[in-house]
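**Student:** Here is a sequence together with a model predicted from it:
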Amino acid sequence: MKYIFLTLGTKGDLNPFLGLAREMKQRGYETLILTTEGHRADCQTAGIPFESVLSAEDHAAGLNHPNAWVPLRGLKVYLQKYILPAILPSFEIIRRHSELGPCTIVCNNLMLGGLLAHEKLGLPLFSVFLAPYSHMSVSDPGKDTPANDLLLKFAGTFGRRHIFAGYLKLLNSWLAPVHEIRRTLGLPPVKDLMGEWRYSAPAILNLWPDSFCSVKPDWRAKERMHQVGFVDFDRAAGPDWMDQLRIRDLLERRPIVFTMGSEMNHHLEKQFELFSQTCLRLRKPGLMVSSAWRKPQGRYPSADFRVIQGAPYAQLFPHASVVLNHGGIGTVAKAINAKRPIITAPLAYDQFDNGYHVTRHGFGLSLPFHKMNTMNLGKAILSAAELRPTSHGSGGAGGAKLACDVIENTSTAHSQVKRTNNF
């Protein structure tokens, strides 16, 4: 059996699939990751076979698009610049490998090429959701931007039902080219691409523990969901990683660690000014992690604030006094597992909802990035530093093992469906 993993997006979208692929590889199975060319090096370093479904240029253009981190507009960019161009390349690669032997698909729920391969080729399929926000709930809609939160609050159940219906209609309109792809493959029409069809997988994996967010009563296809815990992948770090990064002395003083995501290239100047000046004002050491940062000459306000381009978070976070991050589910999970106080600084998408769960469970606080200044951020850091969070739920390797137990037990017991729609 070969397990084919599909995902697109940032490293935060890639890492859980690297974690799953590594676990299945350790169990003796063949594995393959289909993702953007921009992640080739990450997959090769992890030792997972890789094939590209999107060029490095298109990957960078999508991430650097001016609307990439703007709510709703950014989702349109993601669907039209990432998802649609990758559909047929994904399908063709899966078809080629399935002709060589049994295959099982494990894909991000938006990787529509995996859904097509499941439907057309009869391959077992597991659809993966990385964060609770991805599921719509009329009764308990979760947290969104402050403006959307206010709208949903006053809309009530009846109003939210119509808002979500209109939202799905809009998303489906952005994916209109899928209908022609389905027709070309000889598949019947599907009216609700982002609703009914996206949830058509026989098994759905929610990659967070039930203790972080339990299944809500009105989530679609909840009877096919498996809550498996946080799943992540951290790059191997040698025993001298602190010395290589020249931060051992800083970590000994428990700095505030700031990281706004591996691909967050926007607002870098604001990040640097805000974080460095807040640390200077509080007279506390700080460490900013940003792969996109290029240090201008003479800009550091003090020797107690530094910027590095990367670090193994699982090893770094236990040395922090507070971890400030964008609210991405993978970074949040690492901070929870490190038992460090968290401040989420959400910008868009699931980040607001993840921040809500962080606050609800006493792991930390949430302060939208666009509302931050040195005054309110300083107060939030001092308040968060008083918290003593404890890790709970399945995370890291434990989540990967639980997820792969579900995948292995279900797919090996599942005989492949006979192909009735051959070309």
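**Tutor:** That came in fine, so what should we check first?
**Student:** I'd like to know how far Leu79 sits from Leu175.
**Tutor:** 6 Å (Cβ to Cβ, to the nearest Å). C-betas here are computed from N, CA, C, even on glycine.
**Student:** got the domain boundaries for this structure?
**Tutor:** Per automatic domain parsing, the domain ranges recorded for the chain read 2-232+397-413, 241-385.
**Student:** How far does whatever helix or strand Ile381 lives in sit from its chain's centre?
**Tutor:** Secondary-structure assignment from DSSP states H and E places Ile381 in helix 374-385. The gap between where helix 374-385 is centred and where its chain is centred comes out at 26 Å by Cα atoms, centre = their mean, to the nearest Å.
**Student:** Averaged pLDDT, that helix. What do you get?
**Tutor:** Averaged over helix 374-385, pLDDT sits at 96.
**Student:** for it, which positions count as buried?
**Tutor:** By 16 or more other Cβ atoms under 10 Å, the buried positions in helix 374-385 come out as Thr374, Leu377, Gly378, Ala380, Ile381, Ala384, Ala385.
**Student:** Which secondary structure elements does that helix sit against?
**Tutor:** helix 268-282, strand 322-325, strand 342-344, strand 364-366 (3 or more Cβ pairs under 8 Å, 6 or more residues apart in numbering; DSSP states H and E).
**Student:** low-confidence ranges in the stretch 201-350 of the chain?
**Tutor:** Along the stretch 201-350 of the chain, segments meeting pLDDT under 70 span 236, 262-266, 294-301.
**Student:** let's go with 80 and repeat that
**Tutor:** Counting by pLDDT under 80, the ranges of the stretch 201-350 of the chain that qualify are 234-237, 262-267, 292-303.
**Student:** end-to-end on stretch 40-59?
**Tutor:** End-to-end distance of stretch 40-59 (Cα to Cα, to the nearest Å): 12 Å.
**Student:** Pull out the buried residues from that stretch.
**Tutor:** Buried, per 16+ other Cβ under 10 Å, within stretch 40-59: Asp42, Cys43, Ala46, Ile48, Phe50, Glu51, Ser52, Val53, Leu54, Asp58, His59.
**Student:** Closest one to Leu116 out of those, please.
**Tutor:** Among the buried residues of stretch 40-59, Val53 lies closest to Leu116 (Cβ to Cβ), at 12.7 Å.
**Student:** Same list (the helices and strands packed on helix 374-385) but as CSV, adding distance to Leu130 and mean neighbour count.
**Tutor:** Converted to CSV, the helices and strands packed on helix 374-385 look like this (distance: least, Cβ to Cβ, whole Å; neighbours: other Cβ atoms under 10 Å):
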stretch, distance to Leu130, mean neighbour count
helix 268-282, 24, 19
strand 322-325, 15, 28
strand 342-344, 16, 28
strand 364-366, 18, 23
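**Student:** can you tell me which of those comes nearest to Phe129?
**Tutor:** strand 342-344 (19.2 Å).
**Student:** partners of that closest one in the sheet?
**Tutor:** Strand 342-344 has its sheet partners listed here by DSSP bridges as strand 322-325 (parallel), strand 364-366 (parallel).
**Student:** Quick one: name whatever helix or strand follows it.
**Tutor:** Moving toward the C-terminus from strand 342-344, the next helix or strand (DSSP H and E) is helix 351-360.
**Student:** what about the helices in the stretch 51-200 of the chain?
**Tutor:** Ranges of helices in the stretch 51-200 of the chain, per DSSP state H, counting those that start in this stretch, are 56-63, 73-78, 84-98, 112-121, 146-174, 177-184.
**Student:** Which among the ones you listed is found nearest to Pro132?
**Tutor:** helix 146-174 (15.2 Å).
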